[in-house]
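Chemist: mind looking at a prediction? Sequence and model below.
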Amino acid sequence: MSTPRALAGTNATVPLPFAAGSLGGLSERLISSHYDNNYGGAVRNLNRLEQELAKINSETPPPIVAALRDRELAFRNSKSLHEAYFANLGGNGKRSGAIEAEIAGAYGTTARWEEQMRQTALGLGGGSGWAILAYELDTGALRTVAGGNHTQVLALGAPLLVLDMYEHSYQMDYGAAAAKYVDAFFANVTWDEVNRRLERARSASAAIRGAKA
């Protein structure tokens, strides 16, 4: 039996877009551990899962398939969200570009949105999950959402800004002080990357809705 290309188990990690020790308020030890153990672990586990999924046939018990699919979604989303998280770090935290007007149009002011995003993140502090500013592709609207277990995400939401609130992302530097980590996160956001994602999401949304971008 040949291995389906979709389950080849050959996913690879994406290099950090910045030096691990270059972020203010987020230590090299924390970033390296997060990248190697949590993101890297998700990719390695996804590859192992794909190899197991490739063995499924008509005799595989449905509960086994269900368990494998559950873990596949968790590791696949963990891979994608970690890549988005690391890619939106490495900047100076100063908002600029089209995202400013987009956020202000959706939330009244950028400050009001940031309040919503920070409180969404802190609602996950001490637990686990992701705070995400997403572009809803079927409506063209911005949404600020909280996702748990790597699997609870907005179905048609393209992530624009991704904030990891699993304890592994801050406990080493800040212990239980999640708010200080959120401050450090915002100080290191690269808004150029967020603007790049916004432009891409607008184009995708327009294609889906049959409208002009």
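Modeler: Arrived safely.

Chemist: find the centremost residue of the chain, please.
Modeler: residue 81 (2.5 Å; CA atoms, centre = their mean).

Chemist: now name the helix or strand holding that residue.
Modeler: Residue 81 is part of helix 62-87 when elements are defined by DSSP states H and E.

Chemist: for that helix, buried residues please.
Modeler: For helix 62-87, a neighbour-count test (16 or more other CB atoms under 10 Å) marks 68, 71-72, 74-79, 81-87 as buried. C-betas here are computed from N, CA, C, even on glycine.

Chemist: list the buried ones in the following helix or strand past it?
Modeler: Next along the chain after helix 62-87, taking DSSP H and E as the criterion, comes helix 98-107. Of all the residues in helix 98-107, those buried under the rule 16+ other CB under 10 Å are 99, 102, 103, 106, 107.

Chemist: mean confidence score for helix 98-107?
Modeler: When pLDDT is averaged over helix 98-107, the result is 97.

Chemist: please name every helix or strand in contact with it.
Modeler: Under the contact definition 3 or more CB pairs under 8 Å, 6 or more residues apart in numbering; DSSP states H and E, helix 98-107 sits against helix 110-122, strand 141-147, helix 191-209.

Chemist: so who does residue 90 touch?
Modeler: Residues near residue 90 by CB atoms under 8 Å, 6 or more residues apart in numbering: 17, 18, 22, 23, 188, 190.

Chemist: same thing but at 6 Å, please
Modeler: Neighbouring residues of residue 90 by CB atoms under 6 Å, 6 or more residues apart in numbering: 17, 18, 190.

Chemist: now residue 162
Modeler: Here residue 162 is in contact with 81, 84, 85, 132 (CB under 6 Å, 6+ apart).

Chemist: pull the most distant pair out of those.
Modeler: 85 and 132 (9.6 Å; CB to CB).

Chemist: so which of the helices and strands packed on helix 98-107 comes closest to residue 160?
Modeler: helix 191-209 (4.8 Å).
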